[in-house]
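Asks: fold the following and give me the result.
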Amino acid sequence: MSFSEEEINLLESDLLLSSEIKKSDLNIDLINFIKKQHPDILFIDKEFLEKVKLELNVFKEKENSFDNDIFIEINSFNEESRKRTFEDFVGFFNSRFEQLSSVLKQRQDLQGLTSINRVAVKQDRELVAVIGLVKEKSITKNNNIILVVEDQTGQIPILISKNNSDLLSIGKDIVLDEVIGITGSSGKNIIFANNIIFPDVPLNKEFKKGPRDVYSIFLGDTHFGSKVFLKEEFEKFIKWINGEIGSFEQKEMAKKVKYIFFAGDLVEGVGIYPDQENDLEVKDIKNQYKIMAKYFSQIPKNIKIIISPGNHDAIGIAEPQKKIYKDFAEELFEMENVIFVSNPVNICIEKTEDFSGFDILIYHGYSLIYYADNVESIRVAGGQKRVDLIMQFLLKRRHLAPTHESNQSIPSGDKDYLVVDKIPDFFVTGHIHRASASNYRNITLLNCSCWTDITTDQEKRGLEPQPGKIFLVNLQTRKVKQMSFFHKKE
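Replies: Residues are numbered from 1 along each chain as shown. Reported below is the predicted structural model:
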């Protein structure tokens, strides 16, 4: 009796088969189920095989039933367009201050908080603690750092002494418009800083693991319509997700994929940067989305496809971005398994009555390059090549673009939508075209790869892409695998 290579690899030499078992009695799903559910079995006869078939059928029925009990919760930005006024900017920064100061007020390091206008009545060298938004930053001729921070009662200079090397190092990375806590001693209209406290995420965040052995895929920056779109590589991805190529293990993982997240820049767009027409294979943005729809229609219909926009997509560039405009991507909107969301967006998947689900924060990442270039510790460590450090930096600030000039933003009078108010289990970005997976305080950080070769514009911006890769996350174990479909051309 002969078996396929995959069957032989699964059965291995330590299992004995009854002579009454025919090859037609076995299939890959059945063999894999036996190996997983009955690891101690050494001999397989006809009776046992029939019993296992029944078990597998029951298991599949439960899986299908469980699928129907799974909920996806989406918190997308969807504010109506309107004229912005000066009051919107004031309200925007007041909202940021209130959101982040409420986080900082829970920190034990900031006990005895006082408002800035009350520091003036403190005794000289009295210990004080304040929360402020960084308005100015400068370096004195003696190489001390001076910050000017403000709250809703006033503003005050903060001196970070060059003699405190640890605090000076922290101070060098402080950026404008972020909200921080400061402890120190009071002087005449100044605070001499002893410590800087960031909103940050809790140290004790739960590392959640789901009940189901299923996978989620994360990728982005496909740039359909570009001359340097990696057509061959993306078609390999489509073949793999359909179980047509790959090793046995890779095919098994493909079967278990339930979600595919795209973190922006789905198409190359039109008019995004000067002379972009020279880089376009398809010059009509609607046709770019049609190409995308053609590929996405080949993805199995039982997989949810979640699409968040980026700065190249058919939506205004200012953040937060609403969903991609339906008029530009009608074919995609007609697909039942495609879900359009905003940028940024909070999504909860795999939620049931017994499991709180996974909270996923997706942000395309327009601001990432600014911090790679302007935060000293990140720039020295490698800049854009250390996107993991950039993502940690943003989580510490609990804001996706703390400095106002780091992105183009729409001020909303009642809320700053780029504040990280809900602690995610996964923080997912793109934009830089680097593939990076790391962990920060039990949050999985993923910066998605791209599906284009490098363009002249990318070279000017210092991008060094790592294309043709996906992240495959097992939601039961939280293990992250990186799969590459890219083969460098000679």
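
Asks: can you pull up the most central residue in the protein?
Replies: residue 428 (0.7 Å; CA atoms, centre = their mean).

Asks: max-length strand in this structure?
Replies: strand 127-139 (DSSP state E).

Asks: can you pull the alpha-carbon coordinates of that strand into PDB?
Replies: In PDB, the C-alpha atoms belonging to strand 127-139 read as follows (Å, rounded to 0.1, in the frame of the first residue of the first chain):
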ATOM      1  CA  LEU A 127       8.700  68.700  46.100                       C
ATOM      2  CA  VAL A 128       6.000  69.000  43.400                       C
ATOM      3  CA  ALA A 129       4.300  66.900  40.800                       C
ATOM      4  CA  VAL A 130       2.500  68.300  37.700                       C
ATOM      5  CA  ILE A 131       1.100  67.000  34.400                       C
ATOM      6  CA  GLY A 132       1.600  69.100  31.300                       C
ATOM      7  CA  LEU A 133       1.600  69.200  27.500                       C
ATOM      8  CA  VAL A 134       5.000  69.900  26.100                       C
ATOM      9  CA  LYS A 135       4.800  73.400  24.400                       C
ATOM     10  CA  GLU A 136       8.500  74.100  23.900                       C
ATOM     11  CA  LYS A 137      11.800  72.300  24.100                       C
ATOM     12  CA  SER A 138      15.300  73.800  24.000                       C
ATOM     13  CA  ILE A 139      18.900  73.100  25.100                       C
END
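
Asks: how far away is residue 168 from residue 142?
Replies: 12 Å (CB to CB, to the nearest Å). C-beta: built from backbone N, CA, C; applies to glycine.

Asks: ditto for residue 412
Replies: 41 Å.

Asks: neighbour count: residue 168 and residue 142, which is higher?
Replies: residue 168 (16 against 7; other CB atoms under 10 Å).

Asks: what packs against the helix or strand hosting the more buried one?
Replies: For residue 168, the enclosing helix or strand under DSSP states H and E is helix 165-172. On a contact count with 3 or more CB pairs under 8 Å, 6 or more residues apart in numbering; DSSP states H and E, helix 165-172 meets strand 145-151, strand 154-160, strand 190-197, helix 376-381.

Asks: now the residue nearest to the centre of the chain: phi and psi?
Replies: Main-chain dihedrals, residue 428, degrees, to the nearest 10: phi -120, psi 130.

Asks: hmm, it is touching residue 360, no?
Replies: Yes - the pair formed by residue 428 and residue 360 meets the contact definition of CB atoms under 8 Å, at 6.4 Å.

Asks: what touches both of these two?
Replies: residue 261 (CB atoms under 8 Å, 6 or more residues apart in numbering).

Asks: related to what we said a few turns ago, closest to residue 21 out of the helices and strands packed on helix 165-172?
Replies: Distance to residue 21, taken as CB to CB, is lowest for helix 376-381 among these, at 58.4 Å.

Asks: could I get the average pLDDT for the helix or strand just after the closest one?
Replies: Where DSSP H and E defines the elements, the next helix or strand beyond helix 376-381 is helix 387-397. In this model, helix 387-397 carries a mean pLDDT of 98.

Asks: hmm, who's touching helix 387-397?
Replies: So helix 387-397 is in contact with 173, 175, 178-179, 198-201, 367-368, 371-372, 375, 377-378, 381, 400-402, 420, 427, 429, 432, 434, 436, 438, 440-441, 443, 445, 447, going by CB under 8 Å, 6+ apart.

Asks: again, but for stretch 95-111
Replies: For stretch 95-111, using CB under 8 Å, 6+ apart, the contacting residues are 113, 129, 131, 133, 151-152, 177, 179-181, 183, 195, 197, 199, 398-399, 412-416, 419, 421.

Asks: apply 7 Å and report the result again.
Replies: The contact list for stretch 95-111, computed with CB atoms under 7 Å, 6 or more residues apart in numbering, reads 113, 129, 131, 133, 151, 179, 181, 183, 195, 197, 199, 398, 414-416, 419, 421.

Asks: okay, buried residues for stretch 192-204 please.
Replies: For stretch 192-204, a neighbour-count test (16 or more other CB atoms under 10 Å) marks 192, 193, 194, 196, 197, 198, 199, 200, 201 as buried.

Asks: and the gap between the last one and residue 354?
Replies: With the distance defined as CB to CB, residue 201 ends up 25 Å from residue 354.

Asks: likewise the fifth one?
Replies: In this structure, residue 197 and residue 354 are separated by 37 Å, where distance is defined by CB to CB.

Asks: ditto for the third one
Replies: According to CB to CB, residue 194 and residue 354 sit 46 Å apart.

Asks: and for the first one?
Replies: Note on residue 192: its distance to residue 354, by CB to CB, is 52 Å.

Asks: span of stretch 113-130 from start to end?
Replies: Chord length of stretch 113-130, first to last residue, is 6 Å (CA to CA, to the nearest Å).

Asks: pretty sure residue 185 is touching residue 125, no?
Replies: Yes - counting by CB atoms under 7 Å, residue 185 does reach residue 125; the two are 4.7 Å apart.

Asks: comparing those two, which residue is more hemmed in?
Replies: residue 185 (16 against 11).

Asks: assign the more buried one to helix, strand or coil.
Replies: strand (DSSP: H, G, I helix; E, B strand; the rest coil).

Asks: and it, what does it touch?
Replies: 125, 126, 127, 192.
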